[in-house]
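Chemist: 3D model of this:
(2 chains)
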Number of protein chains: 2
Amino acid sequence: MKFVGRLERAWASSGSLLCVGLDPDPARLPAQLARTAHPLFEFGRAIVDATADLVCAFKPQIAYYAAARAEDQLEMTIAHIRQRHPSIPVILDAKRGDVGSTAEMYAREAFERYQADAVTVNPYLGQDSLAPFLGYADKGVIVLCRTSNPGARDLQDVDSGGRKLYQLIAQKAAREWNANANVLLVVGATYPQELGEIRAIVGDMPILVPGVGAQGGDVAAVLAHGATAAGTGLIISSSRAVLYAGSGSDYAGAARAAALTLRDQINQYRKPGL
Amino acid sequence: MKFVGRLERAWASSGSLLCVGLDPDPARLPAQLARTAHPLFEFGRAIVDATADLVCAFKPQIAYYAAARAEDQLEMTIAHIRQRHPSIPVILDAKRGDVGSTAEMYAREAFERYQADAVTVNPYLGQDSLAPFLGYADKGVIVLCRTSNPGARDLQDVDSGGRKLYQLIAQKAAREWNANANVLLVVGATYPQELGEIRAIVGDMPILVPGVGAQGGDVAAVLAHGATAAGTGLIISSSRAVLYAGSGSDYAGAARAAALTLRDQINQYRKPGL
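Modeler: Residues are numbered from 1 along each chain as shown, chains lettered A, B, ... in the order given. Predicted coordinates for the structure are as follows:
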């Protein structure tokens, strides 16, 4: 099944647009995990099992595993999601971008080694750098468009004849790159105005929205500017605000409570008036 | 010692601007390595030892190791260069780009886990995405500016008020991002005209130039447009044309011969008339 189909099923079955990002920072893990053989995996597994019924996707961030020399624990975490929660898509947050045979290797890393359902990619190198990812027609290719950080303005807002760079990317994503109907975009929650502009360009294309929670994005504004007519179209991702909601022995319970609050907050704005 | 200082020493001691890129494609490795426990490492080590006196840097490409689940062999390869050829800087080609604490993790991956002397990064997310890398003042941060592939034009040539995006990046690299004097740029050999424009913007800032050899970049044009007045300023990188010069039992000898030819070809144009 194609990634967008899997995602639509997950939206429907979970009743949630929330995605929990798995960014396991060794310095912030609960103390009781320090002595385990695979602390990043144990942490991720506990968070996954505590929140699985509340989410439409999980998004492990590879950098945390790579810095800790723990790619094996990323593999274990994804395998756990696959086995125990097979209906929940896994988005590998890797933001890869390279050319030719190197891009092929990165696509292989994401889709074959890690068996991710989708991967985030950086479009700066252009269409041919995306092609090896796009060739996996059943996988999702989630292209950075307008990121959530302050520095996003430096290049992404460069204006060329009244069209900003992020608008150009949205246009190319919708018109040039989406022959396999497997392109999605990343637009930060911290820029709801831009999210609305991009939604107008890309129709119902799903958009991954990081930046709610710790980064301060406003849920009401994200829904108002980003949701499709069906009240979906968004993968609203939160990492730290969920992962580190508690640091004691019941950190998983605290994460669940934070995810539940966020899911309900999102759903409150999905259908105004309910 | 700062990275640019290390690089200048390597240029002087080797008499070479050539960098050999280590892109070990499992499908192209010599048959005799197939049965070894660490074929990517054995291949890299043989190439390194056969070409070490001909180069100013080695540039392992992390994607090949990641796709093969062989990060350990990348660590072994870099450790080998450190031990046996300590004067040769190691550039980790990773093209990372992310924000906040994730960018910190990628910087840690490159500089602490792999102990690279420099890393390539993608600037699309803006200044704050580069800051964690730039904070390692003794390490080199090599920012993608104008890449060597055909699709480079898609975004990098976007024109804003007469200034193209790659020119803006060169300006920011020289004026805003280089407080620690540790910024370099990537400019593909396939675009010598643009290389000349960028050289005019960044003064003597070193430029990593991939795309000679297999990608067809013209050495004479690269030197004419990219060299500094001192006849240096360039790290001219070749991967496949060196690595796969031969496929038989003397693949390392064939790689050395190809590297020697390329080094001499480069040097021929460094000081016209010699």
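
Chemist: please make it C-alpha for all contacts and neighbour counts, starting now.
Modeler: Noted.

Chemist: what sits against A:L234?
Modeler: Residues counted as contacts of A:L234 (CA atoms under 8 Å, 6 or more residues apart in numbering or on different chains) are A:17, A:206-209, A:226-227.

Chemist: closest one of the residues you listed to chain B?
Modeler: A:V209 (14.1 Å; CA to the nearest CA).

Chemist: helix/strand/coil for the closest one?
Modeler: Secondary structure, DSSP: H, G, I helix; E, B strand; the rest coil: A:V209 is strand.

Chemist: okay, now it: neighbour count?
Modeler: The local packing of A:V209 (other CA atoms under 10 Å in any protein chain shown) involves 28 other residues.

Chemist: mind listing what's buried in the helix or strand harbouring A:E197?
Modeler: For A:E197, the host element (DSSP states H and E) is helix A:192-202. Buried positions in helix A:192-202, judged by neighbour count with 16 or more other CA atoms under 10 Å in any protein chain shown: A:192, A:194-196, A:198-199, A:201-202.

Chemist: again, but for stretch A:46-57
Modeler: Applying 16+ other CA under 10 Å to stretch A:46-57 flags A:47-48, A:50-57 as buried.

Chemist: quick one: which helix or strand includes the residue nearest to A:L92 when sequence neighbours are not counted?
Modeler: Distances taken as CA to CA, 6 or more residues apart in numbering or on different chains put A:V119 closest to A:L92, at 4.7 Å, once the chain neighbours are dropped. With secondary structure defined by DSSP H and E, A:V119 is part of strand A:118-121.

Chemist: just how off-centre is that strand within its chain?
Modeler: The chain centroid and the centroid of strand A:118-121 are separated by 8 Å under CA atoms, centre = their mean, to the nearest Å.

Chemist: doesn't A:P89 make contact with A:P60?
Modeler: No. Look at A:P60 against A:P89 with CA atoms under 8 Å: they stay out of range, at 11.1 Å.

Chemist: what packs against the helix ranked longest in chain A?
Modeler: The helix that spans the most residues within chain A, counting by DSSP state H, is helix A:251-270. If you count contacts as 3 or more CA pairs under 8 Å, 6 or more residues apart in numbering or on different chains; DSSP states H and E, helix A:251-270 packs onto strand A:18-22, helix A:39-51, helix A:219-226, helix A:240-243.

Chemist: is chain B within reach of the next helix or strand after the longest one?
Modeler: Yep, that's helix A:39-51 we're talking about. Next in sequence after helix A:39-51, counting helices and strands by DSSP H and E, comes strand A:57-60. No. Contact of strand A:57-60 with chain B (CA under 8 Å from any CA of the partner chain) is absent, the minimum separation being 11.5 Å.

Chemist: hmm, who's touching strand A:57-60?
Modeler: Residues from elsewhere that reach strand A:57-60 (CA under 8 Å, 6+ apart): A:7, A:10, A:18-23, A:48, A:74, A:88-93, A:235, A:237.

Chemist: equivalent analysis for stretch A:167-178, please.
Modeler: For stretch A:167-178, using CA under 8 Å, 6+ apart, the contacting residues are A:123, A:127, A:134, A:143, A:145, A:183-185, A:197-198, A:201-202, A:205.

Chemist: mean confidence score for it?
Modeler: The average pLDDT within stretch A:167-178 is 98.

Chemist: and it, what's buried?
Modeler: Neighbour counts over stretch A:167-178 (16+ other CA under 10 Å) mark A:167-170, A:172-174, A:177-178 as buried.

Chemist: what is the helix holding A:E197 packed up against?
Modeler: Here helix A:192-202 touches helix A:165-175, helix A:219-226, going by 3+ CA pairs under 8 Å, 6+ apart.

Chemist: could you dump those to JSON lines with distance to A:A67?
Modeler: Formatted as JSON lines, these follow (distance: least, CA to CA, whole Å):
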{"stretch": "helix A:165-175", "distance to A:A67": "30"}
{"stretch": "helix A:219-226", "distance to A:A67": "31"}
